[in-house]
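J.: Requesting a structural model of the entry that follows:
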Amino acid sequence: MTICIAAVARETTATGYRDVIITASDRMITLGGRTEYVWGRQTKTFWFSDSILALTADDPDVTLEICRSTTRALNERPLTVERVARKVAQKFREYRQRRNEWRILSPHGLTFETLIKSEQNLAPTVLSRLVNQLYGDEGVLNAQMIIAGLEDDAGHIYLIDDPGDCVCCDSEGFTAIGLGREPAESVFTEAMYTDRLPWTEAVVLVYLAKRRAEIAPGVGPDTDLYWIRVDGCRYIEPQAPLLRQLDRLRIDRERRARAALDAGHRRICAEIEAISA
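T.: Numbers count the residues shown, from 1 in each chain. Model prediction:
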């Protein structure tokens with residue numbers, strides 16, 4: 001019941017180009033798959049370094065625990081986006097296994113290890129039920145994450161999803177998670193987005209994608225906007241003047257689009273009438 005978006009764009013410098021990461025998210029969270037509420041002043045970002053962050057969707061307790069355990073396990077320096085993403089995916093899988101072992105197997109006196117050893121002695125119906133619970137909807141971990149950041153001048157984005165898949169999204173240059181994912185990503189596909197887009201234009205597009213995501217139920221109206229450049233990170237809070245200007249731009253674009261559509265509709269209707277005369 002949320003939306004988180006990340007995109008890579010390009011900044012022109014005196015010596016060439018370098019990447020910029022832009023992210024946006026709402027503040028709506030869901031607990032237990034049912035209760036929705038606005039998460040106060042808390043954003044959906046977790047920082048692993050000054051230039052690498054996680055955007056988290058769904059159960060905040062689960063994603064926070066995964067991020068914290070990842071931080072404790074990251075001993076190598078300097079960090080890379082790929083190393084962080086793959087460690088997050090590993091901790092995701094470990095958390096999922098612990099949770100499912102406790103919730104599904106332990107009531108039967110089993111662990112994953114003893115399940116494998118005991119499968120020949122279990123009744124087929126019991127074994128089938130346990131497998132369906134472990135790998136069906138009941139075993140799904142209610143969490144998604146985006147890992148995004150900069151390494152030197154290069155930006156990278158990874159998507160982490162159940163059961164601990166780690167997918168690099170660098171070729172697309174963007175990704176989104178949460179219930180608003182499809183409407184948000186449609187903004188990028190309609191714009192034929194690439195990571196070569198000037199980063200200031202990408203900021204506008206990311207904001208428009210977040211606002212379109214609000215058509216999905218459970219996506220909140222507040223917007224937390226970040227960008228990460230080589231010289232540092234900038235946070236734009238929901239009530240910032242820039243977001244008000246971006247919203248005025250969005251409204252003006254929608255008004256112009258409706259006017260153009262209405263004009264085209266009138267023209268085609270006139271042509272149809274002419275042909276029918």
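J.: quick one: the helices in the stretch 151-277 of the chain?
T.: Assigned by DSSP state H, counting those that start in this stretch, the helices in the stretch 151-277 of the chain fall at 181-190, 199-213, 241-276.
J.: now swap in the stretch 1-150 of the chain and tell me
T.: Along the stretch 1-150 of the chain, counting by DSSP H, counting those that start in this stretch, helices occupy 60-73, 81-100, 112-118, 124-135.
J.: This structure - how does it break down into domains?
T.: Domain assignment for the chain by automatic domain parsing gives 4-239, 240-277.
J.: Which positions in the last one come out as buried?
T.: The neighbour-count check on domain 240-277 (16 or more other Cβ atoms under 10 Å) flags Leu243, Leu246 as buried. From N, CA and C alone the C-beta is placed, and that goes for glycine too.
J.: I figured Glu65 hits Arg96, correct?
T.: No - using Cβ atoms under 8 Å, Glu65 is not in contact with Arg96; the gap is 11.5 Å.
J.: Settle it for me: which of these two has more neighbours?
T.: When neighbours are counted by other Cβ atoms under 10 Å, Arg96 comes out ahead of the other of Glu65 and Arg96, with 20 against 14.
J.: ok, the more buried one - contacts?
T.: When contacts are counted by Cβ atoms under 8 Å, 6 or more residues apart in numbering, Arg96 touches Gly139, Leu141, Asp162, Pro163, Gly164.
J.: how many neighbours does the closest residue to Leu130 other than its chain neighbours have?
T.: Counting by Cβ to Cβ, 6 or more residues apart in numbering, Leu130 lies nearest to Ile104, which is 6.5 Å off, once chain neighbours are set aside. Neighbours of Ile104 under the rule other Cβ under 10 Å: 19.
J.: thought Ile104 was touching Asn132?
T.: No - between Ile104 and Asn132 there is no contact under Cβ under 8 Å: 9.9 Å.
J.: which residues are in contact with both of these two?
T.: Residues touching both Ile104 and Asn132 by Cβ under 8 Å, 6+ apart: Glu138.
J.: that older thread, among the contacts of Arg96, which one has the most neighbours?
T.: The most crowded member of those, judged by other Cβ under 10 Å, is Leu141 (21 neighbours).
J.: In contact with it, which residues are there?
T.: Per Cβ under 8 Å, 6+ apart, neighbours of Leu141: Val62, Phe92, Tyr95, Arg96, Arg99, Asp162, Pro163.
J.: Look up the pLDDT of Val38 for me, please.
T.: Per-residue pLDDT puts Val38 at 60.
J.: typo on my end, Val131
T.: pLDDT, Val131: 77.
J.: can you check Pro107 too?
T.: With respect to pLDDT, Pro107 has a value of 84.
J.: same deal with Thr200?
T.: On pLDDT, Thr200 comes in at 96.
J.: and if you look at Thr30?
T.: pLDDT, Thr30: 65.
J.: Which helix or strand in this protein has the lowest average pLDDT?
T.: Between all helices and strands in the chain, the lowest mean by mean pLDDT, DSSP states H and E belongs to strand 35-38, at a mean of 56.
J.: residues touching Ile3, list them.
T.: Counting by Cβ under 8 Å, 6+ apart, Ile3 has contacts 24-26, 57, 176-181, 184, 210, 213-214, 216, 219.
J.: Look up how far Arg229 lies from it.
T.: Distance, Ile3 to Arg229, by Cβ to Cβ, to the nearest Å: 23 Å.
J.: Make TSV from the helices of the stretch 1-150 of the chain and add distance to Glu151 to it.
T.: Below are the helices of the stretch 1-150 of the chain laid out as TSV (distance: least, Cβ to Cβ, whole Å):
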stretch	distance to Glu151
helix 60-73	17
helix 81-100	6
helix 112-118	36
helix 124-135	35
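J.: Of those helices, which stretch is the most buried?
T.: Mean neighbour count (mean count of other Cβ atoms under 10 Å) peaks for helix 81-100 among the helices of the stretch 1-150 of the chain, with a mean of 20.
J.: For the closest residue to Gly139 other than its chain neighbours, give me its contacts.
T.: Once flanking residues are discounted, Gly139 sits nearest to Asn100: 5.0 Å by Cβ to Cβ, 6+ apart. By Cβ under 8 Å, 6+ apart, Asn100 lies in contact with Gln133, Leu134, Gly139.
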